[in-house]
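*Asks:* Any chance you could fold what I've pasted below:
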Amino acid sequence: MKSTRSEHHHSNQKSNSETWVRFTCPQGHRLKANQCFAGQTAVCPTCGGKAEIPLPKANPITDTGALRLLEAVELATAAQEEHLQATRACPRCGETILASASMCSHCRLYMFPSEAWKSFVRATQDRDNSGK
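*Replies:* Residues are numbered from 1 along each chain as shown. Modelled structure (predicted):
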């Protein structure tokens, strides 16, 4: 049995509902077509009427999904604001500055970020100890 091009084409397609677009012809007959044909004209096999194959619809977001997204944004924003508002004392002048600041706005002391500073000190100590 020889397979036609259209049979071969459809046999390679996924059979789940995401690959199909459902629509109606002008007479109201229910039709379906593969979403790869969206924008093309289909002929209704029942009445011969022509209908444009629509683009697939986007999956609507549920109320629960929307609330989860909003909650995630609010948590991220709150954590970011908390980080930006954290403060510490300048080691030179003692004035209160932002914990994320790399320079004191009062005395202009440059400060390494804490982890970078610790790494720098360890590397310096290792270098000094290896030379002895």
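*Asks:* okay, CA-based contacts and neighbour counts for the rest of this
*Replies:* Will do.
*Asks:* And the strands in the protein?
*Replies:* For the chain, the strands defined by DSSP state E cover 20-24, 30-34, 41-43, 50-52, 87-89, 96-98.
*Asks:* List of residues touching the first one?
*Replies:* Think strand 20-24. 30-35, 51, 53-56 (Cα atoms under 8 Å, 6 or more residues apart in numbering).
*Asks:* same deal with the second one?
*Replies:* For strand 30-34, the external contacting residues (Cα under 8 Å, 6+ apart) are 19-25, 44, 53.
*Asks:* The last one too?
*Replies:* Under the criterion Cα under 8 Å, 6+ apart, residues 84-90, 104-105 lie in contact with strand 96-98.
*Asks:* ok, that strand: who's next to it in the sheet?
*Replies:* According to DSSP bridges, strand 96-98 has the following sheet partners: strand 87-89 (antiparallel).
*Asks:* Show the average pLDDT along the strand it pairs with.
*Replies:* Averaging pLDDT along strand 87-89 gives 84.
*Asks:* just how off-centre is it within its chain?
*Replies:* 34 Å (Cα atoms, centre = their mean, to the nearest Å).
*Asks:* Dump the contacts of strand 20-24 into a markdown table; add neighbour count and pLDDT as well.
*Replies:* Shown next, in a markdown table, are these (neighbours: other Cα atoms under 10 Å; pLDDT from 0 to 100):
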| residue | neighbour count | pLDDT |
| --- | --- | --- |
| 30 | 12 | 94 |
| 31 | 18 | 93 |
| 32 | 14 | 91 |
| 33 | 15 | 92 |
| 34 | 18 | 92 |
| 35 | 16 | 88 |
| 51 | 18 | 93 |
| 53 | 24 | 93 |
| 54 | 18 | 91 |
| 55 | 14 | 87 |
| 56 | 15 | 82 |
